[in-house]
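**Q** Sequence and predicted structure are below.
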Amino acid sequence: MTAELNSEILHEVFQKRAVNTHKGDYGRVLLIGGNKYLGGAILMAASASVDSGAGLTTVATDATNIGPLHARTPEAMAIDWADTVALAEQLEKSDVILVGPGMGTDEFAVQLLKTVLFGVTAKQILVVDGSAITMMAEHNLSFPLNTFTIATPHQGEWERLSNVMIKYQEDIPEMTELQRQNLNIDVLVLKKYHTQVISNDRHVELRIGGPFQATGGMGDTLAGMIAGFVGQFPEPRRATEAAVYAHSAIAEQLAGHNWVVKPSFVSSFIPNFIASIQTNL
């Protein structure tokens, strides 16, 4: 049974922070992506992670993106993803790892993805997005067995990954659920007109948002929000649902004064949005 994902999830997840805490309590998030042609994707994901409240955000990316990252989001740290020693250190100490935005699908990207898939542990949360999903399908790679994994495909990516045709995704949702389990995905965020979030304990559908979100970078921003949310809030399934709902709720608010809502607008409004929810707790 598919239930509606509504604003109640925000009140459930957005609990006030304890006074005696520090940045280490709100998630060490590592974002991996952004080749020299698609750097904007990882920059938008990084902004979303920081603005969502992640305690520490580090970006592993092509060296050409590090300067722009520091100029755009100085709160984020950065490493050259070709630096294998630095990458291994970050993989080991991160709580949440997001891989895929703007990563590309060349041989370097494939090997980097394999490094991530083989390196994550049971203590971490893995978010797989964008190019990483394409490579998982093209190279028949497996999601890790013992790491809590969130995948964020749109319908075409899910068709390639799961072999469930788009028609059957709509008509026979049980096929998607079966493949989610077979692929070892703990939370599936299936992006479409009514985005669905599917996990072991429930299947919910988003019914807000609109065409004002139909612009490049929205998915990268959502992925960064998910990473930032699961890094700081205690239950990753519910935190993912909250990120999905907040992403569209913010865009819907901003659409009242904008023909198209830029992803960067969404990110910059996240702290205000969360604060507005918490005042009603």
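**A** Great, that's in hand. Keep in mind that what you see is a predicted model, and the values were worked out from it rather than measured.
**Q** For the rest of this, base every contact and every neighbour count on C-alpha atoms.
**A** Will do.
**Q** Give me the pLDDT value at the closest residue to His70 other than its chain neighbours.
**A** Sequence neighbours aside, Ala76 is the residue nearest to His70 in space, at 7.1 Å (criterion: CA to CA, 6 or more residues apart in numbering). Note on Ala76: pLDDT of 98.
**Q** how much space between Ala76 and Phe273?
**A** Look at Ala76 and Phe273: by CA to CA, to the nearest Å, they are 21 Å apart.
**Q** who's more crowded, the two?
**A** The residue with more neighbours, out of Ala76 and Phe273, is Ala76; 21 against 16, by other CA atoms under 10 Å.
**Q** Verify the stated contact: that one with Met44.
**A** No - between Ala76 and Met44 there is no contact under CA atoms under 8 Å: 11.6 Å.
**Q** what about the strands in this protein?
**A** 2-5, 28-32, 56-61, 77-80, 96-99, 125-128, 148-151, 187-190, 196-199, 203-206 (DSSP state E).
**Q** Columns mean neighbour count and distance to Lys167 on top of the ones you listed, output as a markdown table?
**A** Output for the strands of the chain, formatted as a markdown table (neighbours: other CA atoms under 10 Å; distance: least, CA to CA, whole Å):
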| stretch | mean neighbour count | distance to Lys167 |
| --- | --- | --- |
| strand 2-5 | 14 | 17 |
| strand 28-32 | 29 | 32 |
| strand 56-61 | 24 | 36 |
| strand 77-80 | 18 | 41 |
| strand 96-99 | 27 | 28 |
| strand 125-128 | 25 | 24 |
| strand 148-151 | 24 | 20 |
| strand 187-190 | 24 | 14 |
| strand 196-199 | 22 | 15 |
| strand 203-206 | 19 | 17 |
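**Q** Quick one: the ones you listed as TSV, columns for distance to Phe14 too.
**A** Listed next are the strands of the chain as TSV, based on distance: least, CA to CA, whole Å:
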stretch	distance to Phe14
strand 2-5	15
strand 28-32	18
strand 56-61	19
strand 77-80	25
strand 96-99	18
strand 125-128	19
strand 148-151	20
strand 187-190	19
strand 196-199	18
strand 203-206	18
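**Q** Which among the ones you listed is found nearest to Leu117?
**A** Of all the strands of the chain, the one in closest proximity to Leu117, counting by CA to CA, is strand 125-128 (8.8 Å).
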